[in-house]
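Asks: Dropping the sequence and predicted coords here.
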Amino acid sequence: MALIRGNELVADEFAHVADGAEIPAHGPVLVGLEQWQAGRETLLARGAPVGIRLRSDQSPELVASDLPRLALVALEFPKFRDGRAYSYARILRERYGYKGEIRAVGDVLMEQLLFMVRTGFDAFEIESDDPLGQFRTAIGDFSVWYQPAADGRKTAVQLRHSRRPSSS
Amino acid sequence: MYRYDEFDHKLVAERVAQFRRQVSRRLLGELTEDQFRPLRLMNGLYLQLHAYMLRVNVPYGTLASKQMRKFAHVARTYDRGFGHFTTRQNIQYNWIKLEQTADILAALAEVEVTAIQSSGNCVRNITSDQYAGRARDEIADPRMYCELLRQYSFLHPEFSYLPRKFKIAVTGSPNDRAAVAVHDIGMRMHLNEAGKPGFEVLVGGGLGRTPYIAHTIRKWVAPEHILSYVEAILRVYNIHGRRDNIHKARIKIIVNQMGIDKYRTLVDEEWERIKDGPLEIPQEEIDRIHAYFAPPPYEQLEDATASLDELRSRDLSFDRWMKSNVVAHKVRGYAIVNLSLKAPGKPPGDVSADVMDAVADLADRYSFGEIRVSHRQNLVLVDVRQNDLHALWKELQALELATPNIGTITDIICCPGLDYCGLANARSIPVAQDIARHFIDIDEAADIGQFTINISGCMNACGHHHVGHIGILGVDKRGKEFFQLTLGGSSDQNASLGERLGPGLPQHEVPTAIAAIVAAYKELRADGERFLDTYRRVGIEPFKEAVYGPEAKKAVA
Amino acid sequence: MAQMIIANRLHDGAVVFLTAKEDWVRSINDGLILEDEAEQERWLATAKTHEASCRVIDPILIDVVVGENGPRPTSIREQIRAFGPTV
């Protein structure tokens, strides 16, 4: 399983802790919502970054007030067709101004990567023979954007009218 | 009509290139069929009974003649010489090869046509009134807002994997010819107290297994806010829509489960957060798009009533055609002309490549090069000089596009059905042909008056059978094709869902049943009453009796 | 009941029938007719490997009746697939 962050392959420093499993004594950990809610103070007291993993039926609205303390939010795609995480990522970035890592996990495939980037994901757990090659190809697919999203890219509408000298 | 700028061209070209790659990955086995299916559906490509079927968008039903010529080219080069116009104003080709699809899309892109999101769990073709911009009863041309919605929805990164398909229809007239009440989002233009046009937004309408009439979610939204309001509706749907059961995944289900008030609260909360953000449409963009829908250079003409009356009195066929197929235009001296794609014996909505080319020529010569597609599966030339009507009629007759049956009993809406479609339970086209043959007498059909028959080959209701005055639904009963009738549906501003008449009938009994219903109607109707009015007044019992009662049994036997 | 295996070819969507040589052919008359259940299951498994290797999509067993003009599917839907639209 490869991890891409930004535009590079990186090692994953987070230990993925399954629900009910023991939390390691040291180091960054990625836990599920229930584990976080059951022991957030203990987790934070460890002094290492904490990440939270949300299933597709768990909206980030559930952890809104915790976001400043979370280094990572992993949003799950149980099947690539389950598109709820696209909304969750935008809510994290645009409604809550979340600046930490938003990671796509689960059924993360090449042909959906660009939509993930646009909606605010900046890290991707990919199962593939050539994850970085596929990622770089995918994000190069388009250069025109019709609608604003979390990535801040200028839309066609904005570009059309910014060329006029009269617009201030 | 809208013309692509460099941004539009680039986006479409990039999508075609991306699709070409996706096809290549599929053929090499890098993508499974499961992974590929949503990707091809988002470019309108279905796998049907015989081959792939490609559904191409006709945005809000508006076509330029060069686009129609390209449709003919595609039909000839890549298909079997014809295409089918659908109830969402699109065109479908039934004999497409996967390996040629990217080339077809590239050819269509040359004339600013796409198949982007004509299928898939995303926002589909935005449909509208086929008389938009021309009808006398219109507040304003809604198509510029359809164009704004089209661009907004194309390749939307957040809403390309919705729980299910999403269909939006927009009307600029209080007489709703776009069926907005049975769409996921319907928009009806209204003037606010200050006289400014805006939209009433309806949500949660739909047909299929569980039909619903849409609820009003907001009485009036200013035009510059329609995109942000739609975004709020879509976001709530994307998050809350059911994903556990494909038959319960449309927005109509969640709206009716939650209740419209709860849904509205969630939408309004979200809308408050986003309405003043970058989705507010700048006036410059509204003005830019508005300019594309400026009226054509009309001549200053008088109405040609006297000469038309003369021609009509001399030629009964011309008179009939004028009555049924020609509609009043808002500009003096002009008329709206319906081209019937329901000639007796022909599959409803089908057009050959040669006729497509001929229609393109007619559009160039008679109607400023523009053609409209109606969700009733007919074509329209919306800017014909009244002085040209007789000459046009003669040319349409030669092309078999002049059947004087618009809005009458042989103007049947019919899905492709089991002859083509992998979802169907029964064949629909032969039923339509049988009924059309039965009512072939034009005077009789005219006497029956306004009458819509809608036929669907399965519960997916692509023939919109729920909203036909008579709806016919094909079902499979122990391997045999049976047809259930519903009565009293309507898709206009007084929308209603049809009521089931009785047990399914075998195919050969359907025309007799329709005849019995028509006979009962004629007996019961008050002066000037359409079938729908009579039905709403007397209820279903007399018609049940006519079709299933003892007299009926004798008639069939 | 005699059966045959039908599928759509991946690259062009055409309706095809499995043959004894493990080819896929357009004409139902050239397809392999399977009489017993064991044979039917075995050949379906073979057909499914062809799906995995991207030759066909969704191979299934269909009931047929063999007459003097060759095999004919028993269901209307499969007849339409084998012989084309009725309109």
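Replies: Thanks, I have it.

Asks: gap between the closest residue to chain C within the stretch 151-300 of chain B and C:Asn8?
Replies: Closest approach between the stretch 151-300 of chain B and chain C, counting by C-beta to the nearest C-beta: B:Ile246, at 17.3 Å. For every residue, glycine as well, the C-beta is placed using N, CA and C. Plainly put, B:Ile246 is 21 Å away from C:Asn8 if you go by C-beta to C-beta, to the nearest Å.

Asks: Out of those two, name the residue with the larger neighbour count.
Replies: Taking neighbours as other C-beta atoms under 10 Å in any protein chain shown, B:Ile246 and C:Asn8 compare with C:Asn8 leading, 23 against 12.

Asks: State the pLDDT value of A:Gly20.
Replies: With respect to pLDDT, A:Gly20 scores 88.

Asks: Identify the residues contacting the residue of the stretch 151-300 of chain B closest to chain C.
Replies: B:Arg164 (C-beta atoms under 8 Å, 6 or more residues apart in numbering or on different chains).

Asks: and it, what pLDDT?
Replies: On the pLDDT scale, B:Ile246 is placed at 95.

Asks: try B:Val556
Replies: Confidence score, pLDDT, at B:Val556: 53.

Asks: just checking, B:Ala360 is part of a helix?
Replies: Yes: counting by DSSP: H, G, I helix; E, B strand; the rest coil, B:Ala360 is part of a helix.

Asks: in terms of contact, does it touch B:Lys70 like I think?
Replies: No: counting by C-beta atoms under 8 Å, B:Ala360 stays clear of B:Lys70, with 9.2 Å between them.

Asks: So out of everything in chain C, what residue is nearest chain A?
Replies: C:Cys54 (17.0 Å).

Asks: Quick check, that residue in contact with B:Glu30.
Replies: No: with contact defined as C-beta under 8 Å, C:Cys54 does not count as touching B:Glu30 (9.7 Å).

Asks: who are the neighbours in contact with B:Ser491?
Replies: Neighbouring residues of B:Ser491 by C-beta under 8 Å, 6+ apart: B:Asp176, B:Ala179, B:Ala181, B:Val182, B:His464, B:Val467.

Asks: what number of residues lie near the residue nearest to the fourth one when sequence neighbours are not counted?
Replies: Yep, that's B:Val182 we're talking about. Nearest residue to B:Val182, sequence neighbours excluded (C-beta to C-beta, 6 or more residues apart in numbering or on different chains): B:Gly205, at 4.3 Å. For B:Gly205, the count of nearby residues is 27 (other C-beta under 10 Å).

Asks: what residues are up against B:Gly205?
Replies: Taking C-beta under 8 Å, 6+ apart, we find B:Gly205 in contact with B:Val180, B:Ala181, B:Val182, B:His183, B:Asp184, B:Gly186, B:Tyr212, B:Ile213, B:Ala214, B:Lys252, B:Ala495.

Asks: do B:Gly369 as well
Replies: Counted by C-beta under 8 Å, 6+ apart, B:Gly369 has contacts B:Ala64, B:Ser65, B:Lys66, B:Ala363.

Asks: circling back to that earlier point, how much space between the residue of the stretch 151-300 of chain B closest to chain C and B:Val267?
Replies: B:Ile246 is 24 Å from B:Val267, by C-beta to C-beta.

Asks: Which strand or helix spans the most centrally placed residue in chain A?
Replies: Per C-alpha atoms, centre = their mean, the C-alpha nearest to the average position across chain A is that of A:Ile102, at 2.2 Å. Per DSSP states H and E, A:Ile102 falls inside strand A:101-106.

Asks: Give me the contacts around that strand.
Replies: A:3, A:5, A:51, A:53, A:71-79, A:85, A:89, A:92-93, A:116, A:120-125.

Asks: can you give me the strands for the chain?
Replies: Picking chain A for this. Remark: strands assigned in chain A by DSSP state E are A:2-5, A:8-10, A:15-16, A:29-32, A:50-54, A:72-77, A:101-106, A:123-126.

Asks: not what I meant, chain C
Replies: C:2-9, C:15-18, C:24-25, C:56-67, C:70-73.

Asks: So the residue of the stretch 151-300 of chain B closest to chain C versus B:Ala214, what's the distance?
Replies: Distance, B:Ile246 to B:Ala214, using C-beta to C-beta: 21 Å.

Asks: A:Ile126 now?
Replies: For A:Ile126, the distance to B:Ala214 equals 41 Å [C-beta to C-beta].

Asks: So if I had to pick from the two, which one is more boxed in?
Replies: Shown here are A:Ile126 and B:Ala214; by other C-beta under 10 Å, B:Ala214 has more neighbours (24 against 20).

Asks: And the longest helix anywhere in chain A, what does it pack against?
Replies: Assignment by DSSP state H gives helix A:33-45 as the longest helix of chain A. Judged by 3 or more C-beta pairs under 8 Å, 6 or more residues apart in numbering or on different chains; DSSP states H and E, the packing partners of helix A:33-45 are strand A:50-54.

Asks: got the contact list for the closest residue to B:Phe82 other than its chain neighbours?
Replies: Counting by C-beta to C-beta, 6+ apart, B:Phe82 lies nearest to B:Ser352, which is 4.8 Å off, once chain neighbours are set aside. Contact analysis of B:Ser352 by C-beta under 8 Å, 6+ apart lists B:Ala75, B:Gly81, B:Phe82.

Asks: which one of these has the most neighbours?
Replies: Using other C-beta under 10 Å as the neighbour criterion, B:Ala75 leads those with 22 neighbours.

Asks: Hmm, that residue is touching B:Val355, no?
Replies: No: look at B:Ala75 against B:Val355 with C-beta under 8 Å: they stay out of range, at 10.0 Å.

Asks: can you pull out the strands in the stretch 301-450 of chain B?
Replies: Applying DSSP state E, counting those that start in this stretch to the stretch 301-450 of chain B gives strands spanning B:326-328, B:334-339, B:350-352, B:370-373, B:379-385, B:413-414.

Asks: how many neighbours does B:Phe85 have?
Replies: By other C-beta under 10 Å, 24 other residues sit near B:Phe85.

Asks: Test my guess that C:His11 contacts B:Arg26.
Replies: No: in this structure C:His11 lies outside contact range of B:Arg26 using C-beta under 8 Å: 9.4 Å.

Asks: Excluding chain neighbours, what is closest to the residue most central in space within chain C?
Replies: Nearest to the mean C-alpha position of chain C, by C-alpha atoms, centre = their mean, lies C:Ile6 at 2.4 Å. Leaving out its chain neighbours, the residue that sits closest to C:Ile6 by C-beta to C-beta, 6+ apart is C:Ile62, at 5.3 Å.

Asks: The one you found and C:Gln3 touch, don't they?
Replies: Yes: with contacts counted by C-beta under 8 Å, C:Ile62 reaches C:Gln3, the gap being 6.3 Å.

Asks: Up against chain B, what does chain A have?
Replies: Applying C-beta under 8 Å from any C-beta of the partner chain, we find that chain A lies next to chain B at A:56, A:59, A:80-84, A:86-88, A:90, A:95, A:109, A:111-112, A:114-116, A:118-119, A:141-144, A:146-149, A:155-161, A:164, A:167.

Asks: give the contact list for B:Ile260.
Replies: Shown in contact with B:Ile260 (C-beta under 8 Å, 6+ apart): B:Val203, B:Gly204, B:His215, B:Thr216, B:Ile217.

Asks: how much space between B:Asp388 and chain C?
Replies: For B:Asp388, the distance to chain C equals 35 Å [C-beta to the nearest C-beta, to the nearest Å].

Asks: count of residues packed around that residue?
Replies: Applying other C-beta under 10 Å, we find 18 other residues in the vicinity of B:Asp388.
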